[in-house]
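In: Turn this into a model:
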Amino acid sequence: MARLPRKQSDRNVGGRGGISRRTLLVGGGAATGLMVAWGAWPRSYEPNLNAGPTETIVNAFLKIDRSGQVIVIVPQTEMGQGVTTVLPQILADELGADWRTVAVQAAPVSPLYANSLLAREWLASDWTRLLGSAGDWAIGQYATRSALMLTGGGTSIPMFHDAYRDAGAAARVLLCKAAAARWGVPWESCDIQDGIISDGGERRMKIGDVASDSVNFDLPDILPLRQGQDGRLSGQDLPRLDTPSKIDGSHNFAADIRLPDMVYASIRQGPIGDAVLAGLDERSAGGVTGFLKLVKQERWVAAVASNWWAANKALDLADPVFTLRARPVSSDGIGEALETAFSGAAGRRLYSKGDLAPIFEGATILASEYQVDAGLHLALEPMCATARVSDEGAEIWMATQAPGLARSAIASALDLPDSAVTLYPLHAGGSFGRRMDWDAGVQAALIARDMGRPVQLQWSRLEDVIQDRPSAPVHARMAARLGRNGAIEGWLAKVATPCAMTQTWARIADGRLPHEAAEGAANKATRLAVAGMAPPYSIPNWAVDHYPADVGLPVGFTRGNAHLPSAFVTESFIDELAHLAKMEAMSFRIQMLGGNPRLAHCLSTAAAMGGWQGGIAGSGQGIATHMMGGAYAAILVEAAMSGDRLTVNRIVAAVDAGDQVNPDIARQQIESGLVYGLAYAMGASVPYERGLPTRAILGRMNLPRLADIGEVTVELIRSTADPTGVSDLAAPLVAPAVANALYTWTGQRLRSLPLLGTT
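Out: So this is what the prediction gives:
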């Protein structure tokens, strides 16, 4: 549709209260009450975009300038994954635009851009599953009416592909109708190629010439989509739209924002946990040239100065002291909490098939235990936000994966209505899930209000590491029974871990402090914590149990989330079983993938391309498979140890992720995921002691360097399936493949991540 009725109010956009059974089931019976309650709410919205004097708002995803420039509105946060190229490419392809005229604009907070797909993954519970399609509908409605804009989990393309395709098709029809009206010809005879409308004959016109007229026409009942492949943009390796500005340095990240009369701030937030500010040396801070003020809150103190270096130096001299009102987090304490969770009452069976009891009773089984340390985000850009607060409202410049929730949190902190806060979403210099939290935006706003002038808050790298919300640590106990023919007859996974997704939602949607969110999730077993732990193989009897734990370390949204440890545990254990069965590791897997042909195809392709030698001793070869979000992947790695240094000489990945819109960007993201997964396997974790990490310098975290990574080959398997996200897919594969490779090299089975320890 060209236009939609306006939503009546945007108050409570972001919904700090979260979703609960009580929120939705108001009324008589469950489904009936839900339908009636939500059905009474307004359900129509119109775009809340701003348009320049020469621009026409065609729909929520598109503006067209009189000059012919196509401005695509993107609600998803660009974090390097290429979403601000791929989504515009979908729309431009269906519209028939000239790629050279395509520009991108960030979307404002609006229900029209809600990510109901990620909301369903995140907020599904036993009772919503019990309601079936009604439960999915309820979560979708909650996400839309709360303007729940989210970026993460590889959901951008699956969520918005059809919306951008339809937006482009609708615009093409309207533009053709406007041109046809001028020419006096049937609109069906018109088409658009390279931004030019033609009637199939000699008549031609730029789309900008009729953009303003196009919105006065109606759409047909059935929206015609493009047919054929001539002149199509989809499927091409088009250049990224953000590359030129990132090369010439004109691209603005949060730390690049400059405002009149702006000052700079650095912050200290104490050790990990329930820490409150107890004291500081204000006199020493005042001796720094350029220092302006110390801004104190209950749980943090910020120094403000004319430049960031002076602000950070003033904080060093102020030497703030915090009181920690709980047991300090430590690596030993994390391990103890995970071990204790197995004997707790909160453990619960979440996935099962068949009956394990008779299979395991009196049988000889293989049992192994795996440990995974919390993995830091370590994005290149530390947390940063710029704020300007006045009596009329507030403006915030920041990168955020949840802009509606961030805006609500900032408004609440300033005691303002949501509508009085303008949030300018920026691209992130890396994130891996860290920008799901909005702490820096709230802090910058409070400091700016106190100072009465614009403030740019930049966390130091040390602060970024201390206050990180890493991936959840895991302790897994695996058990399996092999049949006489080498097939797995029974499989049991017992997993002790906190749920990072539950904690993240409690922080960003319910406004809980990190330690409160951790405590609140400590007794709730959830599928989110063990996502990816269900084996992709045909095993007749299997189960997955989750034992929730409060490890004292707040954890958060990360690339791959629970799939990272799950794939490591599952694929490492499968390899152990193959050796026990005295079978070659790939054949062992293939025999159980008869019901999963796409994953089997990926595995056989990676093995063939990589020259799989059967995992023989000394080969240094390892394989692993995984699937998530409708995508399938397998990798083969060649790894070796040189002294105490791990090197990966080659990685071959085969991926079936549907019909990708921009294959080159898909390959970039798979390669990026492989490197991220290698960092997860080699380092990216730190020991904790007395509430603090014992190191925070990137060079001391055993992260992979270019010299540690050899040739990387990515094969995208041709597919006609719908495209899926690939940003999270490859990362979980690397650690198990490397561990399996090192077993052939050293004869030692590595069952802990990082593979070489964190000391």
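
In: residue contacts, the closest residue in space to residue 333 that isn't next to it in sequence?
Out: By the measure of C-beta to C-beta, 6 or more residues apart in numbering, the closest residue to residue 333 outside its immediate chain neighbours is residue 552, 5.8 Å from it. Just so you know, the C-beta spots here come from the backbone N, C-alpha and C atoms, and that holds for glycine as well. When contacts are counted by C-beta atoms under 8 Å, 6 or more residues apart in numbering, residue 552 touches 272-273, 326-330, 333-334, 337, 518.

In: Out of these, give me the one that has the most neighbours.
Out: The member of those surrounded by the most neighbours (other C-beta atoms under 10 Å) is residue 518, with 28 neighbours in all.

In: one step back: need phi/psi at the residue nearest to residue 333.
Out: phi 80, psi -10 (degrees, to the nearest 10).

In: Any figure for the gap between it and residue 561?
Out: In this structure, residue 552 lies at 20 Å from residue 561, with C-beta to C-beta, to the nearest Å as the measure.

In: follow-up on the earlier one: pick the one among the contacts of residue 552 closest to residue 305.
Out: For these, the residue nearest residue 305 by C-beta to C-beta is residue 272; the value is 26.6 Å.

In: Is the closest one in contact with residue 466, as I believe?
Out: Yes - using C-beta atoms under 8 Å, residue 272 is in contact with residue 466, at 6.7 Å.

In: Common neighbours of the two, please.
Out: Residues touching both residue 272 and residue 466 by C-beta under 8 Å, 6+ apart: residue 692.

In: all helices of the stretch 151-300 of the chain, in order?
Out: With DSSP state H, counting those that start in this stretch, the ranges of helices along the stretch 151-300 of the chain come out as 156-183, 211-214, 243-248, 282-285.

In: Below-threshold pLDDT in the stretch 651-759 of the chain: ranges please.
Out: Low-confidence segments of the stretch 651-759 of the chain, defined by pLDDT under 70, are located at 758-759.

In: Mind checking which of the contacts of residue 552 are in helices?
Out: The helices in this structure, assigned by DSSP state H, contain 333-334, 337, 518 from those.

In: Flag the least confident of the residues you listed.
Out: By predicted confidence (pLDDT), the lowest-ranked of those is residue 518, with 93.

In: nearest spatial neighbour of that residue, skipping sequence neighbours?
Out: Nearest non-adjacent residue to residue 518 (C-beta to C-beta, 6+ apart): residue 554, at 5.1 Å.

In: Pull the number of nearby residues for that neighbour.
Out: A total of 28 residues lie near residue 554 under the criterion other C-beta under 10 Å.

In: Just confirm it contacts residue 503, I think it does.
Out: Yes - Residue 554 is in contact with residue 503 according to C-beta under 8 Å; the separation is 6.2 Å.

In: Show me the common contact partners of these two, please.
Out: Any residue near both residue 554 and residue 503 by C-beta under 8 Å, 6+ apart counts here, and that gives 469, 514, 517-518.

In: Name the member of those with the most neighbours.
Out: residue 518 (28 neighbours).

In: Please report phi then psi for residue 534.
Out: phi -70, psi 130.

In: could you measure it against residue 545, distance?
Out: 12 Å.

In: If you count contacts, what does the strand or helix carrying residue 406 end up packed against?
Out: Remark: residue 406 resides in helix 403-414, with elements defined by DSSP states H and E. Helix 403-414 is packed against strand 394-398, strand 421-425, helix 439-451, helix 500-508, with contacts defined by 3 or more C-beta pairs under 8 Å, 6 or more residues apart in numbering; DSSP states H and E.

In: now with 6 Å?
Out: For helix 403-414, the contact count by 3 or more C-beta pairs under 6 Å, 6 or more residues apart in numbering; DSSP states H and E identifies strand 421-425, helix 439-451 as packing neighbours.

In: Tell me which of those sits nearest to residue 378.
Out: Ranking the helices and strands packed on helix 403-414 by distance to residue 378, with C-beta to C-beta as the measure, places helix 439-451 first at 16.2 Å.

In: List the buried residues for stretch 306-316?
Out: By neighbour count on 16 or more other C-beta atoms under 10 Å, the buried set for stretch 306-316 is 308, 310-315.

In: Okay, and which of the residues you listed map to helices?
Out: Among the buried residues of stretch 306-316, the residues falling in helices (DSSP H) are 308, 310-315.

In: okay, the residues you listed in TSV with distance to residue 153 and pLDDT next?
Out: Written out in TSV, the entries for these read as follows (distance: C-beta to C-beta, whole Å; pLDDT from 0 to 100):
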residue	distance to residue 153	pLDDT
308	33	98
310	40	97
311	35	98
312	34	97
313	40	97
314	40	97
315	36	97
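
In: Out of those, which comes closest to residue 284?
Out: Comparing every one of these with residue 284 (C-beta to C-beta), the shortest separation belongs to residue 314, at 8.3 Å.

In: Kindly provide the distance from the closest one to residue 449.
Out: Distance from residue 314 to residue 449, by C-beta to C-beta: 20 Å.

In: Show the end-to-end separation of stretch 512-527, please.
Out: In terms of C-alpha to C-alpha, to the nearest Å, the two terminal residues of stretch 512-527 are separated by 22 Å.

In: likewise stretch 100-109?
Out: By C-alpha to C-alpha, the extent of stretch 100-109 from end to end equals 28 Å.

In: tell me which residues in it are buried?
Out: Judged by neighbour count using 16+ other C-beta under 10 Å, the buried positions of stretch 100-109 are 101-102, 104, 106-109.

In: Run the angle between the helix holding residue 406 and strand 394-398 for me.
Out: In terms of direction (axes from the mean of the first three to the mean of the last three C-alpha atoms, to 10 degrees), helix 403-414 departs from strand 394-398 by 130 degrees.

In: and for helix 403-414, what are the contacting residues?
Out: The contact list for helix 403-414, computed with C-beta atoms under 6 Å, 6 or more residues apart in numbering, reads 13-14, 16, 109, 147, 149, 394, 396, 400, 418, 421, 423, 425, 438, 441-442, 445-446, 508-509.

In: and what of stretch 166-174?
Out: Under the criterion C-beta under 6 Å, 6+ apart, residues 2, 58-59, 61-62, 91, 94-96, 192, 214, 217, 219, 223, 225 lie in contact with stretch 166-174.

In: Also stretch 329-337?
Out: Under the contact criterion C-beta under 6 Å, 6+ apart, stretch 329-337 has outside partners 272, 473, 549, 551-553, 687-689, 691.
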